[in-house]
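Chemist: Below: sequence and its predicted model.
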Amino acid sequence: MLNKVLVVEDEQLLAQNLQDYLQAQGLEVRIAHEGAKAIGEAAVFAPDVMVFDYRLPDMEGFDVLDAVRQNRKCHFVLITGHPTAEVCERARQLGVSHILFKPFPLAELARAVCDLLGMKREASTAEGFVERRQSRTESFPLQLYDGSWLLADRRRTSASMAPDDEQLLTGE
């Protein structure tokens, strides 16, 4: 049985990228783009972890957390572009396990979720990326807002790149 993650993010492209990445880590993932839908989805899907945005179109992410917590025991990871002291303090008071400030490396989200689920992680690279793929040279595609694609794990320094990594980046 797969561990379940509910991603509550109103930015559709970001939500899809998060879903794709977490699924590649071996998790079952569903998305909700609004708070009310997230509350309903949590009741049906019964997530082990809820990754939620602070600002949603119909309510604050903490309101979603409160509603979900009444009916379901799960872990919570806050993702936000608003890293204020008030948001962080409220998250701490509500028992949010991890806070990630946008933009964040996808591997940090995977690490937080895996830690909360007690999942055994495979050896990580020097950059601390959670590696579930066999080859170091594999990467993860992310769709950008202009419709183009980026290989997410290619953001290494030149010193840490294998020769084939550098060729892919430069197109040579």
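Modeler: Arrived safely, thanks for sending.

Chemist: Strands along this structure, start to end?
Modeler: Per DSSP state E, the chain carries strands over the ranges 4-8, 28-32, 49-53, 75-80, 98-101, 141-143, 149-151.

Chemist: So which residues make contact with the second one?
Modeler: Residues from elsewhere that reach strand 28-32 (Cβ atoms under 8 Å, 6 or more residues apart in numbering): 2-9, 15-16, 18-19, 22-23, 38, 40-41, 45, 47. For the C-beta atoms, the positions are set from N, CA and C on the backbone; glycine is no exception.

Chemist: hmm, try it at 7 Å
Modeler: When contacts are defined by Cβ atoms under 7 Å, 6 or more residues apart in numbering, strand 28-32 is touched by residues 2-8, 15, 19, 22-23, 38, 41, 45.

Chemist: try the fourth one
Modeler: Counting by Cβ under 7 Å, 6+ apart, strand 75-80 makes contact with 48-54, 61, 65, 87, 91, 96-102, 112-113, 116, all of which sit outside it.

Chemist: Please indicate which of the residues you listed are buried?
Modeler: 48-54, 61, 65, 87, 91, 96, 98-100, 112-113, 116 (16 or more other Cβ atoms under 10 Å).

Chemist: can you redo the strands of the chain as CSV with mean pLDDT and distance to Glu108?
Modeler: Conversion of those to CSV gives the following (pLDDT from 0 to 100; distance: least, Cβ to Cβ, whole Å):
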stretch, mean pLDDT, distance to Glu108
strand 4-8, 98, 15
strand 28-32, 98, 16
strand 49-53, 98, 12
strand 75-80, 96, 10
strand 98-101, 94, 6
strand 141-143, 66, 14
strand 149-151, 59, 17
